[in-house]
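Student: Provided below are the primary sequence and the corresponding predicted coordinates.
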Amino acid sequence: MIEIKDVSLWYKNFKALDHISTTILKGQTVVLCGPSGSGKSSLLRCINGLEHFQEGEIFIDGVSVQDPKTDIYQLRSTIGMVFQHFELYPHMTVMENITLAPIRVRKKSKKEAEEKAMELLEWVGIPEQALKYPEELSGGQKQRVAIARALAMEPKLMLFDEPTSALDPEMIKDVLDVMMNLAKEGMTMVVVTHEMGFAKAVADEIIFMNEGRIIEKGPAQSFFDNPKNERTRQFLSRILWQIDSRVKVKGSWN
Amino acid sequence: MDLDVIIRNFEFIIGGLALTFQLALLTVVGGLFMGIVLAMARLSSRPWIYYPATLYIHFFRGLPLILVIFWLYFLFPVVIGRPMGAFSSAIISFIVFEAAYFAEIMRAGMQSVARGQALAAYSSGLTSYQTTYYVLLPQAFRNMVPSLINQTVIIFQDTSLAYVIGLREFLRRVNLVDAREVRSIELYLFAALVYFIICSTGSLISHRLEKKRVGRLFN
């Protein structure tokens, strides 16, 4: 599905990605984690061509992302992306946010796009918000709209860039529930997140990055139970402490 | 106080006001159009588009308007080989000058839209044209309307400078009546009142819009 081959990316003189290679299979959920500045978000943006990398290649179903012959707009329209700060269009209603790309890119009729949008809003649990503007929604609702907006294009792959980092703790579960359902339905997902509970529950593979390199990757179980790398262990001990405290308080999705 | 002087010359003076409005309106339309082009050029990543536009904007923002009016008035006949009417010359001077200001307002408006908005639009498969048209411009426009109205008010006042090349707009006509009737206090008070009413109405609209926009963002 996604084949990342020896990708390196520089911002001016700063090497943000350093020879990244990995393969993600169809239907898998892969969690990218690591300290901030480790290149997780950059890697995510390379996958749908929002970032131009200088070396290496990325293939999505055999199509090279940076090949000049590739129709990048068509490729992006099959890859959904969800952002840390939602990035809903503030001048459009929830409904308009969701139907913009289906109407303009997929050339769907307004009616068809709106029916699909309502279905998705119901699926993420907020059908009553359809005619509101983003500013009238809570953070958790905004992020669920953003997920619905991405799903409206019927993507074959979903990219999540720290989808819960900007949310209040009570809102996080709503968004993670939606993402878990999506993973269970067989969506291929790449998720940058520090929500290790989510990673434990649904990730097929966890990739740990540091300073632009993949330090460790493997199935969730072995990743948590016996991390091989010292840096990974350090990172986990810091982050799992947070999770333990949260689970004790909320006793939720673990 | 002899307010009768105004009534006696009312028609003549109001005729000047019509010319003032004409000058302002044409300047705003032309200035906006040229401003959009300049603003887009300023936002371009291609140096051969970016630098000439930047130079243009800095150049005209660094000159007094009255100099531009004089200068173009004397320059045009040399360039086109025949004299040019004062009206056309004034309009072109105003447009050329104000476009630089409009361009900066619009550039700032475009840059005020968060970068993430463009990323979100691109990630859904929209082209750069669609992204600009459906996502960036509407937001930028909402941010820049108050400043655009403000600039329009300034233009309305600036049109009085057209008198230097002989255009008999509102203020010039007041001035002419004064030369004949010697009623400076009354006449200029009247002129001030007219400018004040028109311009403060514009400012008020701009202020209202600004408040509304801020309200929408934070409620």
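Tutor: Looks like it arrived, so ask away.
Student: quick one, what contacts the residue in chain B positioned nearest to chain A?
Tutor: Closest approach between chain B and chain A, counting by C-beta to the nearest C-beta: B:Gly125, at 2.7 Å. Using the backbone N, CA and C atoms, a C-beta is placed for each residue, glycine as well. Counting by C-beta atoms under 8 Å, 6 or more residues apart in numbering or on different chains, B:Gly125 makes contact with A:73-74, A:76-78, A:101, A:105, A:153.
Student: mind listing what residue 31 touches?
Tutor: The chain I'm using is chain A. A:Val31 neighbours (C-beta under 8 Å, 6+ apart): A:191-193, A:198-199, A:203, A:205-207, A:220.
Student: my bad, chain B
Tutor: B:94-95, B:98-99, B:101-102, B:155 are the contacts of B:Gly31 under C-beta under 8 Å, 6+ apart.
Student: Now the closest residue to it other than its chain neighbours: which helix or strand?
Tutor: Among residues not flanking B:Gly31 along the chain, B:Glu98 sits closest, at 3.9 Å (C-beta to C-beta, 6 or more residues apart in numbering or on different chains). Per DSSP states H and E, B:Glu98 falls inside helix B:86-111.
Student: after that helix, next one along is what?
Tutor: helix B:115-123.
Student: Check whether that next one comes close enough to chain A to count as a contact.
Tutor: Yes: judged by C-beta under 8 Å from any C-beta of the partner chain, helix B:115-123 comes into contact with chain A at B:116-117, B:119-123.
Student: For the residue nearest to A:Leu176 when sequence neighbours are not counted, pull up the helix or strand it's in.
Tutor: Among residues not flanking A:Leu176 along the chain, A:Phe198 sits closest, at 5.1 Å (C-beta to C-beta, 6+ apart). Secondary structure assigned from DSSP H and E places A:Phe198 in helix A:196-202.
Student: right, and the helix or strand after that helix?
Tutor: strand A:205-210.
Student: related to what we said a few turns ago, give the burial count for the closest residue to the residue of chain B closest to chain A other than its chain neighbours, as a bare number.
Tutor: Spatial nearest neighbour of B:Gly125, chain neighbours left out: A:Ser77 (2.7 Å); criterion: C-beta to C-beta, 6+ apart. Neighbourhood size, A:Ser77 [other C-beta atoms under 10 Å in any protein chain shown]: 21.
Student: what residues does chain B put near chain A?
Tutor: B:114, B:116-117, B:119-127, B:130, B:134-135, B:138-139, B:142, B:216-217, B:219.
Student: Now, of those residues, which are buried?
Tutor: When those are checked for burial by 16 or more other C-beta atoms under 10 Å in any protein chain shown, the buried set is B:117, B:119-126, B:130, B:134-135, B:138-139, B:142.
Student: what sits against residue 207?
Tutor: By default, I'm working from chain A. A:22, A:30-33, A:214, A:216-217.
Student: The chain in question should be chain B.
Tutor: B:Pro146.
Student: Next, it: phi, psi?
Tutor: phi -60, psi -40 (degrees, to the nearest 10).
Student: picking that back up, let me know the closest of the contacts of A:Ile207 to chain B.
Tutor: A:Leu32 (16.7 Å).
Student: So what pairs up with the closest one in the strands?
Tutor: Note on A:Leu32: beta-bridge partners A:Val192, A:Ile207, judged by DSSP bridges.
Student: Quick check: pLDDT value at it.
Tutor: On pLDDT, A:Leu32 comes in at 94.
Student: Verify the stated contact: it with A:Ser42.
Tutor: No: in this structure A:Leu32 lies outside contact range of A:Ser42 using C-beta atoms under 8 Å: 10.5 Å.
Student: ok, the two, which is more surrounded?
Tutor: Set A:Leu32 next to A:Ser42 and count neighbours by other C-beta under 10 Å: A:Leu32 wins out with 28 against 21.
Student: Tell me who's in contact with that one.
Tutor: A:Leu32 sits in contact with A:40, A:43-44, A:190-193, A:207, A:209, where contact means C-beta under 8 Å, 6+ apart.
Student: Kindly recompute the last result at 10 Å.
Tutor: A:Leu32 makes contact with A:22, A:38-41, A:43-44, A:159-162, A:190-193, A:199, A:203, A:205-209, A:214, A:217, according to C-beta atoms under 10 Å, 6 or more residues apart in numbering or on different chains.
Student: excluding its backbone neighbours, what's nearest B:Gln130?
Tutor: In space, B:Gln130 is closest to A:Arg104, 5.6 Å off (C-beta to C-beta, 6+ apart).
Student: Next one: stretch A:93-103, is it in contact with chain B?
Tutor: Yes: using C-beta under 10 Å from any C-beta of the partner chain as the criterion, contacts between stretch A:93-103 and chain B involve A:96-97, A:100-103.
Student: ditto for stretch A:84-91
Tutor: Yes: applying C-beta under 10 Å from any C-beta, one finds stretch A:84-91 in contact with chain B at A:84-91.
Student: first vs last residue of that stretch, how far apart are they?
Tutor: Length of stretch A:84-91, first residue to last, C-alpha to C-alpha, to the nearest Å: 19 Å.
Student: Give me the mean pLDDT for it.
Tutor: Stretch A:84-91 comes out at a mean pLDDT of 94.
Student: buried residues in that stretch?
Tutor: In stretch A:84-91, counting by 16+ other C-beta under 10 Å, buried: A:84-91.
Student: just stretch A:58-74 next, same as before
Tutor: A:58, A:60, A:65, A:72-73.
Student: Also stretch A:13-27?
Tutor: For stretch A:13-27, by 16+ other C-beta under 10 Å, it's A:15-18, A:20, A:22, A:24.
Student: Nearest to A:Leu9 among those residues?
Tutor: Nearest to A:Leu9 among those is A:Leu17, at 4.0 Å by C-beta to C-beta.
Student: Now do the contacts for B:Pro138.
Tutor: B:Pro138 touches A:89-92, B:113, B:132, counting by C-beta under 10 Å, 6+ apart.
Student: How is the residue of chain B closest to chain A assigned, secondary-structure-wise?
Tutor: coil (DSSP: H, G, I helix; E, B strand; the rest coil).
Student: circling back to that earlier point, can you lay out the contacts of A:Val31 as a markdown table showing pLDDT?
Tutor: What follows is the contacts of A:Val31, written out as a markdown table (pLDDT from 0 to 100):
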| residue | pLDDT |
| --- | --- |
| A:Val191 | 95 |
| A:Val192 | 95 |
| A:Thr193 | 91 |
| A:Phe198 | 89 |
| A:Ala199 | 89 |
| A:Ala203 | 92 |
| A:Glu205 | 93 |
| A:Ile206 | 92 |
| A:Ile207 | 93 |
| A:Ala220 | 83 |
